[in-house]
Every structure is written in C-alpha cells, then in structure tokens.
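J.: what's the 3D shape of this:
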Amino acid sequence: MNGAEPRLGDYFVSRRERGKAGLPTLSVTLDRGLVRRDSLDRKTDTTLTDEEHLRVHPGDIAYNMMRMWQGASGLADEEALVSPAYIVLAPKNLVDPRFAAYLFKLPEMVHRFWAYSYGLTDDRLRLYFNDFKRIPRELPPVFDQRKIAEILSTWDAAIETTGKLLANAEAQKRSLMQHLLTGKRRLKGFEGREWKRKSLGDVLEITYGKSPKEIAADQGAYPILGTGGETGRSDDWLVEGPAIVIGRKGTIDKPMFVTGKFWPIDTTFFCKAKPGNNLFWAYYSVQRMRLRSFSEASGVPSLSRDTLRAIKVQLPDLDEQERIAEIVYLAELEADRVRSVLRILQMEKRALMQQLLTGKRKVRP
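T.: Residues are numbered from 1 along each chain as shown. Reported below is the predicted structural model:
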C-alpha cells in the first residue's frame with residue numbers, strides 16, 4: 001500500500017461477470033444479507049435473462065448501491081446470480097470475506113457508506129464502486145480477521161438456534177390457543193361439559209378510556225396507554241389492573257393485558273372480567289379474534305363498544321377457563337423467556353462486534 005492510507009479499494013475489486021443459466025438468484029436484504037430470491041415474500045419478478053444478471057462466487061460480497069447507506073449487503077455462500085443493479089465485491093488476499101461481511105454491518109461503516117454515497121435525497125443515494133473504493137479503512141492482518149469472524153460466527157449460531165427455539169415456543173402457544181380456546185381439544189376431567197354460546201359483553205365489562213389532556217406529567221408515576229402502548233406518564237390513574245386494553249380507533253387488533261394502575265386514553269376501551277369469568281381466558285380469546293374485521297370505518301379502523309360487546313364466544317365454565325388460561329399463560333412465559341435470551345444474545349453480539357471490529361478488543365493468538 002506504499003505508506004498511503006489504506007482504502008477499501010485495496011481489499012476488493014469489482015466483479016462484473018455475466019450470469020450463467022441454471023444458477024439460483026439471490027437478493028440482498030437488510031436483516032439477512034444475501035438470500036434466495038424465491039424465499040422472499042415480496043414480488044420479485046424480472047424480465048432479465050440469467051445471462052443479463054451478475055454472477056457471484058462463494059466469498060463474494062454483493063451490495064445494493066441504492067441502499068448500501070442503510071447496510072444492504074451480504075456474503076455469498078454459493079455460486080449464484082444477482083441483480084445487475086448490485087455491486088459485486090471480490091475480495092483480495094488481504095481480506096477474509098466473513099470478516100468484511102461483519103464489518104460492513106458496523107454502524108460506523110454504514111455511516112461511511114452514507115457519507116460516500118451521492119444523491120440529492122436519501123432515496124436517491126447511490127454508492128458506486130469508484131466511490132466505495134475510496135473509503136478509508138485499515139483492516140487487521142488476515143489471521144486476526146479470521147479469528148474475529150470465527151468468534152462472531154459462533155454468536156450467530158447461538159442466535160440462530162435460539163431463534164428457532166423461539167419460533168417453536170410461539171408455535172406451541174398458537175396451537176394451544178387454537179385448540180383449547182375453541183374446545184377442539186378438551187382437558188382431562190372437563191370432557192363432558194358443554195360450552196355456552198355467549199356475547200363478549202356477557203364476559204367483559206367494557207368501558208371507554210378518557211382523554212389524558214389534563215393529567216399528563218412527564219415524570220408521572222403511572223403510564224398513559226394508547227392503542228399502541230405507552231404514550232406518556234401521569235400522576236393520576238383511571239384504572240387499577242389487571243385489565244385488558246383494546247384499541248377503539250387505529251390499532252384495534254392488538255389487545256394488551258395490563259397490571260397495576262394506569263390511564264387508558266379515549267381511543268381505547270378498558271375491560272374487566274364480569275363475575276364468573278377469568279380475565280386471562282378472555283384476553284387470550286380476544287387475541288384470537290380478528291378485531292380488524294369488525295371495523296366500522298373505511299379509513300382509520302374504528303371499533304364501537306356495541307360491536308365489541310356483540311361478538312360471539314364459546315364459553316366454558318369458570319374452572320375450565322382458569323385451567324385453559326393457566327396452560328396458555330405458561331406457554332406464553334416460556335416464549336417470553338426465550339425471547340429475552342435472544343434479545344440478550346443479539347445485544348451482546350452487537351457489543352462484541354463494536355469491540356472486535358474497531359480494535360478496542362484484541363483477539364488472542
């Protein structure tokens with residue numbers, strides 16, 4: 001490098017190799033890097049032939065020049081095709097591709113990609129290779145790069161495993177709700193009891209929230225709750241939980257179970273269980289209802305109290321409600337536990353990336 005400040009062009013060349021028929025097509029995503037295009041939910045039809053695509057080899061890094069300022073890049077692990085609108089980086093001997101893939105997700109590097117992109121507005125920014133290669137960055141020796149990549153890959157494996165555990169726990173909860181809350185599966189000892197068809201208004205006392213205009217206080221002791229969660233704080237409270245909060249306007253299909261004292265705003269309902277009913281059972285039952293389908297407005301979703309009260313439910317006796325609620329609640333606790341573990345792993349990995357990729361923490365030989 002002849003004593004000059006190292007730049008990314010010292011570590012990568014631009015690969016503009018024509019595609020070959022029969023190879024899979026990959027797309028760059030912000031959160032998952034390079035993935036098979038046919039695995040994406042969004043519509044990705046193209047009129048381009050395979051030969052009009054670019055070809056990537058294992059170890060190449062492809063980035064979306066229009067979204068690189070957001071961190072849209074990914075490491076190829078197979079020979080494949082990518083959009084000709086992408087830039088394909090072929091690493092030189094001075095760089096480990098896995099290390100570079102992690103480096104390109106570091107907030108400091110993403111900021112540099114933004115700084116070297118050109119365009120009048122963010123949605124028009126482009127990072128061409130000629131600008132990418134000018135970005136200053138000195139990389140550690142390849143041996144250290146490989147050690148860092150191995151360490152971070154271990155964390156990725158743990159995060160992936162925990163993510164699968166979370167998916168299984170959430171699926172288990174959904175299955176229990178689907179079968180137990182509908183009576184498709186009966187618990188031992190309750191098989192012979194018939195469920196009654198009732199209205200939700202027979203199960204819950206449904207009350208309007210109130211405007212928080214006069215009671216809002218920045219450092220208040222109690223949360224002010226809207227349709228999307230906490231919107232502020234107050235020194236006053238309107239309801240002492242437990243209670244269910246349901247959106248009346250806007251987000252009407254995400255009920256919340258709230259404990260403690262709180263103030264529900266006037267775009268919500270708060271609900272308490274009527275005698276002979278279990279609030280947790282009602283909460284899980286309301287979760288299953290497609291409340292948006294009961295909206296009475298063509299624009300912003302809106303739900304009236306009369307409509308909510310009239311929704312029909314199949315109602316077991318109180319002791320069966322309690323048992324069903326307990327089983328679903330335990331499944332929910334397990335999903336929350338795994339979700340917490342996943343969140344911690346992700347936070348710790350981000351901290352480790354910051355330390356290792358910036359040289360603040362050295363790898364041992």
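J.: What's the mean pLDDT across stretch 320-331?
T.: On average, the pLDDT along stretch 320-331 is 97.
J.: Dump that stretch to PDB, keeping only the CA atoms.
T.: What follows is stretch 320-331, C-alpha atoms only, in PDB (Å, rounded to 0.1, in the frame of the first residue of the first chain):
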ATOM      1  CA  GLU A 320     -62.200 -24.800  32.800                       C
ATOM      2  CA  GLN A 321     -61.500 -21.200  31.800                       C
ATOM      3  CA  GLU A 322     -58.900 -20.900  34.600                       C
ATOM      4  CA  ARG A 323     -57.200 -24.200  33.600                       C
ATOM      5  CA  ILE A 324     -57.000 -23.200  29.900                       C
ATOM      6  CA  ALA A 325     -55.700 -19.800  30.800                       C
ATOM      7  CA  GLU A 326     -53.000 -21.300  33.100                       C
ATOM      8  CA  ILE A 327     -51.700 -23.600  30.300                       C
ATOM      9  CA  VAL A 328     -51.600 -20.900  27.700                       C
ATOM     10  CA  TYR A 329     -50.000 -18.500  30.200                       C
ATOM     11  CA  LEU A 330     -47.200 -21.000  30.900                       C
ATOM     12  CA  ALA A 331     -46.600 -21.300  27.200                       C
END
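J.: which residues are in contact with it?
T.: 169, 172-173, 176-177, 180-181, 187, 190, 193, 277-278, 280-281, 284, 315-316 (CB atoms under 8 Å, 6 or more residues apart in numbering). Heads up, the C-betas are built off the backbone N, CA and C, glycines and all.
J.: which among these end up buried?
T.: Neighbour-count burial within those applies to 169, 173, 176-177, 180-181, 277-278, 280-281, 284, 315-316; the criterion is 16 or more other CB atoms under 10 Å.
J.: Out of those residues, the closest to residue 67 would be?
T.: Each of the buried ones among the contacts of stretch 320-331 was checked against residue 67 using CB to CB; the closest is residue 169, at 32.6 Å.
J.: Pull the contacting residues for the closest one.
T.: 331, 334, 335, 338.
J.: Kindly report the same for residue 296.
T.: So residue 296 contacts 302, 303, 304, 307 (CB under 8 Å, 6+ apart).
J.: Which secondary structure state is assigned to it?
T.: Classification of residue 296 using DSSP: H, G, I helix; E, B strand; the rest coil returns coil.
J.: And for the one 4 residues further on?
T.: Using three-state DSSP as the criterion, the local structure at residue 300 reads coil.
J.: Report whether the expected contact of it with residue 250 is present.
T.: Yes. With contact defined as CB atoms under 8 Å, residue 300 reaches residue 250; the gap is 5.9 Å.
J.: Those two: which has the busier surroundings?
T.: More crowded of residue 300 and residue 250, by other CB atoms under 10 Å: residue 250, with 15 against 11.
J.: Poorly predicted segments of the stretch 251-365 of the chain, please.
T.: 365 (pLDDT under 70).
J.: Strands of that one, start to end?
T.: Taking DSSP state E, counting those that start in this stretch as the test, the strands found in the stretch 251-365 of the chain are 256-258, 261-264, 268-273, 312-315.
J.: chain center to stretch 238-257: distance?
T.: In terms of CA atoms, centre = their mean, to the nearest Å, the centre of stretch 238-257 is set 22 Å apart from its chain centre.
J.: What of stretch 155-170?
T.: The answer for stretch 155-170 is 13 Å, by CA atoms, centre = their mean.
J.: Can you point out the buried residues in that stretch?
T.: 155, 159, 162, 165, 166, 169, 170.
J.: Quick one: residues contacting residue 108.
T.: residue 358.
J.: wait, I meant residue 341
T.: Residues near residue 341 by CB under 8 Å, 6+ apart: residue 162.
J.: separation between it and residue 242?
T.: 26 Å (CB to CB, to the nearest Å).
J.: With residue 27 instead?
T.: Applying CB to CB, the value for residue 27 to residue 242 is 45 Å.
J.: between the two, which one's more packed in?
T.: Neighbours were counted for residue 27 and for residue 242 using other CB under 10 Å; residue 27 has more, 22 against 14.
J.: ok, that one - contacts?
T.: Contacts of residue 27 were listed using CB under 8 Å, 6+ apart, and they are 34, 35, 36, 37, 40, 44, 82, 83.
J.: can you rerun that using 6 Å?
T.: By CB atoms under 6 Å, 6 or more residues apart in numbering, the contact list for residue 27 reads residue 37.
J.: Got the phi and psi for it?
T.: With angles defined as degrees, to the nearest 10, residue 27 sits at phi -130, psi 150.
J.: isn't residue 267 right next to residue 248, touching?
T.: Yes. If you go by CB atoms under 6 Å, residue 267 and residue 248 touch, sitting 5.2 Å apart.
J.: hang on, the earlier thing: who wins on neighbours among the contacts of residue 296?
T.: residue 303 (23 neighbours).
J.: Please name the nearest non-neighbouring residue to that one.
T.: In space, residue 303 comes closest to residue 252 once its chain neighbours are excluded; the distance is 4.5 Å by CB to CB, 6 or more residues apart in numbering.
J.: can you give me the helices in the stretch 51-200 of the chain?
T.: Applying DSSP state H, counting those that start in this stretch to the stretch 51-200 of the chain gives helices spanning 97-103, 107-115, 129-132, 142-180, 200-203.
J.: gap between residue 314 and residue 223?
T.: 33 Å.
J.: So the two - more neighbours on which side?
T.: residue 223 (19 against 13).
J.: would the more buried one count as being in a strand?
T.: Yes. Under three-state DSSP, residue 223 falls within a strand.
J.: In this structure it contacts residue 229, no?
T.: No. Under the criterion of CB under 6 Å, residue 223 is not in contact with residue 229, lying 8.6 Å apart.
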